[in-house]
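> Model the following, please.
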Amino acid sequence: MIAATPPAPYYAVIFTSLRTEVDAGYGAMAEHMVELAAQQPGFLGVESAREGVGITVSYWESLEAIRAWKTNAEHLVAQKTGRSDWYRRYKTRIARVERDYGFDSAAA
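From the prediction side, this is the model:
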């Protein structure tokens, strides 16, 4: 799915990862994190894909909302488990979206 974001500006958190072979509840935790993030003030949406390299982009109203999500207690547990079990490597990038545009054949 493509997230339905509001008019720019807003923020994107881009999480790129390489997984380990260990599953140990990864799928369930990933689903829970999306559900939990959706309950956070300032959350706008999320998009995710995995084909070798995983890329998840979450969208937020403000840097303050991103900071609050980063320090959420359950999210902190997932981050710790990610470093110890699920990820060989990851990178997080935060960007301000200045402009967006798109195409939808169903609307054309």
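> pull the CA atoms of the helix or strand encompassing residue 33 into PDB?
Assigned by DSSP states H and E, residue 33 falls within helix 26-38. Only the C-alpha atoms of helix 26-38 are listed here, as PDB (Å, rounded to 0.1, in the frame of the first residue of the first chain):
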ATOM      1  CA  TYR A  26      10.300 -10.900  14.000                       C
ATOM      2  CA  GLY A  27       7.100 -10.900  11.900                       C
ATOM      3  CA  ALA A  28       4.800 -10.600  14.900                       C
ATOM      4  CA  MET A  29       6.900  -7.800  16.400                       C
ATOM      5  CA  ALA A  30       7.000  -5.900  13.100                       C
ATOM      6  CA  GLU A  31       3.200  -6.100  12.800                       C
ATOM      7  CA  HIS A  32       2.800  -4.900  16.400                       C
ATOM      8  CA  MET A  33       5.200  -2.000  15.800                       C
ATOM      9  CA  VAL A  34       3.200  -0.800  12.800                       C
ATOM     10  CA  GLU A  35       0.000  -1.000  14.900                       C
ATOM     11  CA  LEU A  36       1.600   0.800  17.800                       C
ATOM     12  CA  ALA A  37       3.100   3.500  15.600                       C
ATOM     13  CA  ALA A  38      -0.300   4.100  14.100                       C
END
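> Tell me the first helix or strand C-terminal of that helix.
strand 43-51.
> I would like the residues contacting that next one, please.
Contacts with strand 43-51, where a contact means CB atoms under 8 Å, 6 or more residues apart in numbering, come from 1-6, 10, 19, 34, 37-38, 54-61, 65, 69. To be clear about C-beta, it is placed using only N, CA and C from the backbone, and glycine gets the same treatment.
> and these, which are buried?
The neighbour count (16 or more other CB atoms under 10 Å) marks 5, 10, 19, 37, 54, 56-61, 65, 69 as buried among these.
> which residues in this structure form strands?
10-19, 43-51, 53-60, 87-97 (DSSP state E).
> Remind me what the last one packs against, helices and strands.
By that I understand strand 87-97. strand 10-19 (3 or more CB pairs under 8 Å, 6 or more residues apart in numbering; DSSP states H and E).
> Report the inter-axis angle for the strand it packs on versus strand 87-97.
For strand 10-19 against strand 87-97, the angle between stretch directions is 170 degrees (axes from the mean of the first three to the mean of the last three CA atoms, to 10 degrees).
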